[in-house]
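# Sharing a sequence plus its predicted fold:
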Amino acid sequence: MKIYQHKVQYYETDKMGIVHHSNYIRWMEEARIDFLSQVGWDLKSLEDMGVVSPVISVESKYMCTTKFPEVISIEVWVEEFRGVKLKLGYEMKREDVVVNRASSEHCFLKTDGSIVNVKREYPAFYETLRSLAEESKSKADKG
């Protein structure tokens with residue numbers, strides 16, 4: 001899996017020249033969309049199928065400041081998947097320095113707002129997420 005790269009933009013910084021904290025959430029979304037594409041389920045295709053995936057929770061731990069024009073590497077993995085709710089983990093680094101650790105939780109809905117039974121309605125997507133969650137758990141157990 002290719003790690004997502006984000007080059008800090010000048011407009012993302014505040015008066016002190018430091019990236020404003022809200023931008024890390026945007027970077028998570030960029031990396032999540034890239035991650036889904038890499039595993040064969042780009043967000044546009046899901047939306048074309050009538051599936052939306054709203055954010056229901058975000059946690060973010062800021063460990064080190066970032067500045068323009070640094071490049072931030074963002075690793076994404078499936079932390080947990082239970083069929084209805086997907087939890088993704090993120091680690092953001094500047095070179096070898098961890099600058100942020102975060103997670104986001106998402107559910108899957110139809111465009112009319114009803115909950116999607118991913119396992120029944122999109123079994124291939126379900127299997128991809130389940131497999132990625134097992135892979136992440138296996139790595140965590142070994143590490």
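Thanks, I have it. Numbering: from 1, shown residues only.
# In this structure Ile18 contacts Thr65, no?
Yes. If you go by CB atoms under 8 Å, Ile18 and Thr65 touch, sitting 4.7 Å apart. Bear in mind the C-beta positions are built from the backbone N, C-alpha and C, glycine included.
# Spatially central residue for this structure, please.
With distances taken as CA atoms, centre = their mean, the chain has Arg32 as the residue nearest its mean C-alpha position (3.3 Å).
# show me the contacts for the closest residue to Gly40 other than its chain neighbours.
Counting by CB to CB, 6 or more residues apart in numbering, Thr128 is the residue found nearest to Gly40 once chain neighbours are left out, at 6.6 Å. Contacts for Thr128 (CB atoms under 8 Å, 6 or more residues apart in numbering) come out as 39-41.
# Asp48: which of the residues you listed is nearest?
Distance to Asp48 across these (CB to CB) is lowest for Trp41, with 11.5 Å.
# any low-confidence regions in this structure?
Along the chain, segments meeting pLDDT under 70 span 143.
# ok, which stretches of it are helices?
Assigned by DSSP state H, the chain shows helices spanning 22-38, 43-48, 118-121, 123-142.
# wait, which of these is closest to Tyr90?
helix 22-38 (5.4 Å).
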